[in-house]
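Asker: For reference, the sequence and a predicted model appear below.
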Amino acid sequence: MGDPGLFTPNSVTWQMHGDPMMWVAGVRALYLQALHPRAVRGVIQNSDFRRDAWGRLMRTANFVGTTTYGTTEAAERAGARVRKIHSMLTATDPDTAERYGVDEPALLLWVHCAEIDSYLDVLRRSGFPLTDAHADRYIAEHRVSARLVGLAPATVPASRAELAAYFEKVRPELVAGPEARVVDDFLLRPPTHPLLVPVRELLWRRVAQLAYAALPTYAHELYGRPAPAPAVVTRRLRATGRLLRGVPARVRWQLPPKHILRAMARLGPDARPAPYKLGR
């Protein structure tokens, strides 16, 4: 038996993160994260977001995959790399000229909570079988991932109630500023080869619109762009979930970087993530 890693095959995280709706959830997280001006400013000022947004999305996916399905050593190494990069980056508030580090605990906490909330919201509404107890377990498990990026686990929400209280507290700080508009514009119209524009309009725009629609109502109000009623969005998420889950898992997992297949090779076929295992 190999090293099961930080989360292990018995965790809610292990089962959830193998679901294809995580990609929609990841885009929702980007929309939500962009509403915190100090956090999104750190992204925009330290990278050419429009040129490297795909790379950023893939690096985030790789980090999630490594910390979920990789060995303990690989996960700790990935966390150390993220902490080192963040420690060297700063951003400037254009209104006050204040210069601050992007690794401020408050900013790291916002990014963390926006991700966890997005993963939970999209997967639950799309039909992934999570009970309230599973959701609480998932949030508590991710005090581990919070530690990896530099947060003290005790300061991170560990239940749905604590996560909801956090969002209620932080909402007055949120605004759809100029940087959020850059993110919004990119997610709707990402740069692509002219020959691929029809594909972008047919497929990607639908993903981005669904992810935006899945945001909480206050986020729609801040962006100033309406969305369908929550019940309509939930039906669309369920339909999309059925479609994507119809693709055999072994086919989906062949996409690079193949974290799940490597974990199964290391731990054996019983390590295969599957929703039914949550009932055990």
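Answerer: Received, thanks.
Asker: the helices in the stretch 101-250 of the chain, which residues?
Answerer: Assigned by DSSP state H, counting those that start in this stretch, the stretch 101-250 of the chain shows helices spanning 105-125, 132-141, 143-148, 160-170, 178-188, 197-199, 205-213, 217-223, 230-245, 249-252.
Asker: Check which residues of the longest one are buried.
Answerer: Neighbour-count burial for helix 105-125, with 16 or more other CB atoms under 10 Å as criterion, is recorded at 107-125. Bear in mind the C-beta positions are built from the backbone N, C-alpha and C, glycine included.
Asker: and that helix with helix 230-245, angle?
Answerer: Comparing the axes of helix 105-125 and helix 230-245 via axes from the mean of the first three to the mean of the last three CA atoms, to 10 degrees yields an angle of 80 degrees.
Asker: I'd like to know which elements helix 105-125 is packed against.
Answerer: helix 22-33, helix 37-46, helix 132-141, helix 143-148, helix 160-170, helix 230-245 (3 or more CB pairs under 8 Å, 6 or more residues apart in numbering; DSSP states H and E).
Asker: Compile the ones you listed into a markdown table and extend it with columns for mean neighbour count, mean pLDDT and distance to Met88.
Answerer: What follows is the helices and strands packed on helix 105-125, written out as a markdown table (neighbours: other CB atoms under 10 Å; pLDDT from 0 to 100; distance: least, CB to CB, whole Å):
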| stretch | mean neighbour count | mean pLDDT | distance to Met88 |
| --- | --- | --- | --- |
| helix 22-33 | 22 | 95 | 20 |
| helix 37-46 | 20 | 94 | 9 |
| helix 132-141 | 18 | 98 | 29 |
| helix 143-148 | 20 | 97 | 17 |
| helix 160-170 | 14 | 98 | 26 |
| helix 230-245 | 15 | 97 | 37 |
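Asker: Any chance of the ones you listed in TSV with distance to Glu76 as columns?
Answerer: Formatted as TSV, the helices and strands packed on helix 105-125 follow (distance: least, CB to CB, whole Å):
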stretch	distance to Glu76
helix 22-33	22
helix 37-46	24
helix 132-141	16
helix 143-148	7
helix 160-170	25
helix 230-245	31
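Asker: For Arg255, what are phi and psi?
Answerer: Heads up, residue 255 is Leu, not Arg. Dihedral angles of Leu255 (phi, psi; degrees, to the nearest 10) stand at phi -70, psi 140.
Asker: That one and Phe63: what is the separation?
Answerer: 16 Å (CB to CB, to the nearest Å).
Asker: Settle it for me: which of these two has more neighbours?
Answerer: A direct count of neighbours by other CB atoms under 10 Å for Leu255 and Phe63 places Phe63 higher, at 19 against 11.
Asker: List the contacts of the more buried one.
Answerer: 78, 82 (CB atoms under 8 Å, 6 or more residues apart in numbering).
Asker: Quick check, pLDDT for it.
Answerer: On the pLDDT scale, Phe63 is placed at 94.
Asker: List the contacts of stretch 160-172.
Answerer: For stretch 160-172, contacts defined as CB under 8 Å, 6+ apart pick out 36, 109-110, 113, 116-117, 132, 135-136, 139, 157, 216, 218.
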